[in-house]
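Asks: Whatever this is, show me its structure:
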Amino acid sequence: MRAAGLRVTAARLAILDAVRAGNHPGTDEVARIARERVGHLTLQGVYEALGVLTGAGLVRRIEPAGSPARYEARVADNHHHIVCRRCGHVTDVDCVIGAAPCLEPDMAAGYAIDEAEVTFWGLCPNCQDRLTEKAEGDQA
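Replies: Numbers count the residues shown, from 1 in each chain. The predicted structure is shown next:
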């Protein structure tokens, strides 16, 4: 945090640790995990700290369609995500092909592209298993 020019506080450390400990946690989950470590934290304080940490490049905010914002500590690369349509579980996926920005648009319209954000959607293995079990149960 100091290297990013931020003041180090117990709350910010707990929030950063919560992001690192979770699997792309949302704000409520970050708050719950951080409160276990430092006690009382307001939700507004957690939002503000996440904004500061994101602005400093210490965490990354992702917003899968139809989902509240989530956060991750993997910020040093241009990776992408796979999101389960059923349970919302998010998994990191490394660059699809080549070096960042991984994908090149057919027409860049004069932009100097430096990042691509790709979200794949599907069913995670657990949800696939549950659907298979349900289908087998319905056939019995």
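
Asks: Three-state assignment for Asn23, please.
Replies: coil (DSSP: H, G, I helix; E, B strand; the rest coil).

Asks: Show the backbone phi and psi for the residue nearest to it when sequence neighbours are not counted.
Replies: Once flanking residues are discounted, Asn23 sits nearest to Val90: 6.6 Å by Cβ to Cβ, 6 or more residues apart in numbering. C-betas here are computed from N, CA, C, even on glycine. Dihedral pair for Val90: phi -110, psi 130, per degrees, to the nearest 10.

Asks: For Val90, which residues are in contact?
Replies: The contact partners of Val90, taken as Cβ atoms under 8 Å, 6 or more residues apart in numbering, are 23-24, 62, 64, 70, 81-84.

Asks: Narrow those residues to those in strands?
Replies: Among these, the members falling in strands (DSSP state E) are 62, 70, 81-84.

Asks: now the lengthiest helix in the chain: how far from the chain's centre is it?
Replies: The longest helix of the chain (DSSP state H) is helix 125-139. Relative to its chain's centre, helix 125-139 lies at 27 Å (Cα atoms, centre = their mean, to the nearest Å).

Asks: What of stretch 36-52?
Replies: The chain centre lies 17 Å from the centre of stretch 36-52; the measure is Cα atoms, centre = their mean.

Asks: buried residues in that stretch?
Replies: Neighbour counts using 16 or more other Cβ atoms under 10 Å place 38, 41, 46, 49-50, 52 of stretch 36-52 among the buried residues.

Asks: show me where pLDDT drops low in the chain?
Replies: Scanning the chain for pLDDT under 70 picks out 96-103, 140.

Asks: again, 80 this time
Replies: For the chain, applying pLDDT under 80 flags the ranges 95-107, 115-116, 137, 139-140.
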